[in-house]
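In: Sequence first, then the predicted structure:
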Amino acid sequence: MENLDISSVNPHIRVAMRSVMRRGSVIKQRIIYDYELIFIERGSMLFCYDGVNYTPSRGDFLFIRPGIPHSFDCSNEELSQPHVHFDLTYDYNSKRRRVSFKDAPDMSAEELALVESDAFRDYPRTPIVSFNNKTLAVELLFRIIDSFTSGKILAAKGALTTLLSELIYDNYPNAFSKSGSGLGISRQVKDYIDSTRGVQISLDGLQMQFSYSKFYLERGFKAKYGICIIAYANKLRLEYAAELLATLSVLETAEKTAFSSIYAFSRAFKNHYGISPSEYKKRRYSLQAPIQIS
């Protein structure tokens, strides 16, 4: 299992609120882009998570992870469920993500690309988590909510960082890398690039994003994946452009993938695929038989 790099944890709070679901309320199956931590303050519900039914009750904490299907059914009684939605690490998509109420089959490819990489994917998909100091966990959750709703974002973020340390050490004790090998950060850089494939990536930008030297990031990434960071990012960017050409013009595709001009886009595309984007669009997405691109 590839461990998380503790220095990269930089939570971004999307929503933090006290919430009551009235008796009879139902949230149909959905997936969320981010993480959600819920405290069952009062009441109970039928909670289906990854195809398994649970009946969490007063005092339980639920930790919902990105991309895992789940639903809520409060048919029998009212449910008080203060909660917080957050990204574990702030990235390019953090401002674009919203609280989702869609299931994966109902999402577009662009929406699915916003689903955050699950940092705990190697752990069992069980939603009910525990805290050795539940009193502290509850206090921190309400401090997050109160600070966030009053506009004290830094205080809310600080409280969430503390709560996350409790959550992770009590439930995912081997999540953090202690070796300092850099393997964790290389995976995070890759996940970041994978989620932002339509955006131009720079080593200076990644250095600011992850607070590591760009030389350290480059060396670790190439050692792990056998390719330079920018080469990998450009490859994904051009593959994304090739997909966009199915519905967009060459100019629109160049703009969507953040090339400085249509000429720069055409030159990069031809270097990668061996033909111009206009010719690619004509031959790949016309009624003619598809071509084979080496």
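Out: Received it, and whenever you're ready, just let me know what you need.

In: And for the residue nearest the centre of the chain, nearest residue in space, chain neighbours not counted?
Out: The chain has residue 116 as the residue nearest its centroid, 1.3 Å off, counting by Cα atoms, centre = their mean. Spatial nearest neighbour of residue 116, chain neighbours left out: residue 66 (4.2 Å); criterion: Cβ to Cβ, 6 or more residues apart in numbering. To be clear about C-beta, it is placed using only N, CA and C from the backbone, and glycine gets the same treatment.

In: Helix, strand, or coil at the one you found?
Out: coil (DSSP: H, G, I helix; E, B strand; the rest coil).

In: just use 52 as the starting number from now, easier for me
Out: Let's use 52 as the start, then, which means that last one is residue 117.

In: you'd agree it is up against residue 165?
Out: No - counting by Cβ atoms under 8 Å, residue 117 sits too far from residue 165 to count as a contact (9.4 Å).

In: How about the contacts made by residue 72?
Out: With contact taken as Cβ atoms under 8 Å, 6 or more residues apart in numbering, residue 72 is in contact with 78, 96, 123, 125, 129, 130, 132.

In: Select only the buried ones of those residues in PyMOL?
Out: Restricted to buried positions by 16 or more other Cβ atoms under 10 Å, the PyMOL selection for the contacts of residue 72 reads:
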select buried, resi 96+123+125+130+132
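
In: Looking at the contacts of residue 72, which is nearest residue 203?
Out: Taking Cβ to Cβ as the measure, residue 132 is the one of the contacts of residue 72 closest to residue 203, at 22.4 Å.

In: Could you pick out the longest helix of the chain?
Out: Taking DSSP state H as the criterion, the chain has its longest helix at helix 204-222.

In: Extract the C-alpha set from the next helix or strand after that helix and format it as PDB.
Out: Downstream of helix 204-222, the next assigned helix or strand under DSSP states H and E is helix 234-246. Extracted in PDB, the C-alpha atoms of helix 234-246 (Å, rounded to 0.1, in the frame of the first residue of the first chain):
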ATOM      1  CA  LEU A 234       6.800   7.800  -3.100                       C
ATOM      2  CA  GLY A 235       3.700   9.200  -1.500                       C
ATOM      3  CA  ILE A 236       4.200  12.600  -3.000                       C
ATOM      4  CA  SER A 237       4.900  11.200  -6.500                       C
ATOM      5  CA  ARG A 238       1.500   9.500  -6.400                       C
ATOM      6  CA  GLN A 239      -0.100  12.700  -5.300                       C
ATOM      7  CA  VAL A 240       1.500  14.600  -8.100                       C
ATOM      8  CA  LYS A 241       0.300  12.000 -10.600                       C
ATOM      9  CA  ASP A 242      -3.200  12.100  -9.100                       C
ATOM     10  CA  TYR A 243      -3.200  15.900  -9.400                       C
ATOM     11  CA  ILE A 244      -2.100  15.800 -13.100                       C
ATOM     12  CA  ASP A 245      -4.700  13.100 -13.800                       C
ATOM     13  CA  SER A 246      -7.400  15.400 -12.500                       C
END
